[in-house]
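Student: Model the structure of this input:
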Amino acid sequence: MARRLQLEVFDAPDRTGLRVDLGQDEYEEAQLASYDQGYSAGWDDAVAAQDAEVARLRADLGRNLQDLSFTYQEAHGHVLRTLEPLLQDMVTKILPAIARESIGHVVLDHLRPLAKELAGAPIIVVSNPANRAVIERLLVAEADFPLAFEEEPSLGEGQAHLRLGETESRVDLDGVIAAISAAVSAFFRIQKHEDRRHG
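Tutor: Model prediction:
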């Protein structure tokens with residue numbers, strides 16, 4: 001004889017005490033449907049939990065990338081702030097010293113092409129009084145053509161004028177240094193503006 005199961009109906013409050021009798025087949029179908037429903041609910045919960053975890057990981061990755069970006073900006077800004085005084089010192093102290101030491105060689109390089117045009121007349125080298133002796137000493141030792149030297153206080157220590165008749169050539173290491181200084185200053189102004197823009 002088939003076993004009968006009686007289930008109480010809970011969704012009909014006006015029929016308290018009503019029982020439903022299920023046969024074995026119906027019972028197994030109900031049990032299978034209940035299992036399927038539970039499995040489906042569990043699967044949906046697992047998918048929802050996985051989606052939530054993926055969303056959380058994406059958000060964490062986004063935050064970490066943003067933090068990394070700020071860290072890079074901060075490191076970049078720090079390096080530039082450290083380099084700025086060094087580069088400014090190079091432009092204001094080291095390059096002028098190099099220019100003073102090398103102006104004689106630069107003047108000599110400018111004189112050699114002019115010497116080809118010589119017709120016995122000396123090339124006049126006009127320089128600042130502070131570095132005339134250095135230039136004169138080097139040129140007299142290295143040049144094999146006639147030279148004359150004049151002083152001009154308005155010229156910078158990195159400047160010299162070379163005259164041969166109506167032809168004049170200029171050496172302006174001070175101008176080169178000023179251009180480098182302006183470029184360095186402009187670079188750091190732009191970087192400071194970018195740093196302020198990025199917060």
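Student: Which other helices and strands does the helix or strand encompassing R112 contact?
Tutor: Using DSSP states H and E, R112 sits within helix 95-115. With contacts taken as 3 or more C-beta pairs under 8 Å, 6 or more residues apart in numbering; DSSP states H and E, helix 95-115 sits against strand 123-127, helix 132-142, strand 159-164, strand 167-172, helix 173-197. Heads up, the C-betas are built off the backbone N, CA and C, glycines and all.
Student: Tell me how many other residues surround F188.
Tutor: Neighbour count for F188, taken as other C-beta atoms under 10 Å: 16.
Student: how near is F149 to A186?
Tutor: 37 Å (C-beta to C-beta, to the nearest Å).
Student: List the contacts of E151.
Tutor: V126, S127, N128, P129, R132 (C-beta atoms under 8 Å, 6 or more residues apart in numbering).
Student: got the angle for the helix holding R112 vs strand 167-172?
Tutor: Between helix 95-115 and strand 167-172, the angle comes out at 160 degrees (axes from the mean of the first three to the mean of the last three C-alpha atoms, to 10 degrees).
Student: F149 and A186: which is more packed in?
Tutor: F149 (16 against 10).
Student: for that one, phi and psi?
Tutor: Main-chain torsions, F149, degrees, to the nearest 10: phi -120, psi 140.
Student: I'd guessed it sits against V125; true?
Tutor: Yes - between F149 and V125 there is a contact under C-beta atoms under 8 Å: 5.2 Å.
Student: what do those two both touch?
Tutor: Here F149 and V125 have I135, E136 as joint contacts, going by C-beta under 8 Å, 6+ apart.
Student: Of the contacts of E151, just say which sits nearest to S169.
Tutor: V126 (10.7 Å; C-beta to C-beta).
Student: surely the closest one meets S154?
Tutor: No - if you go by C-beta under 8 Å, V126 and S154 don't touch, sitting 10.1 Å apart.
Student: out of the two, which sits in the busier spot?
Tutor: When V126 and S154 are compared for neighbours, V126 comes out ahead with 19 against 6, by other C-beta under 10 Å.
Student: looking at this, G42 is in a helix?
Tutor: Yes - under DSSP: H, G, I helix; E, B strand; the rest coil, G42 falls within a helix.
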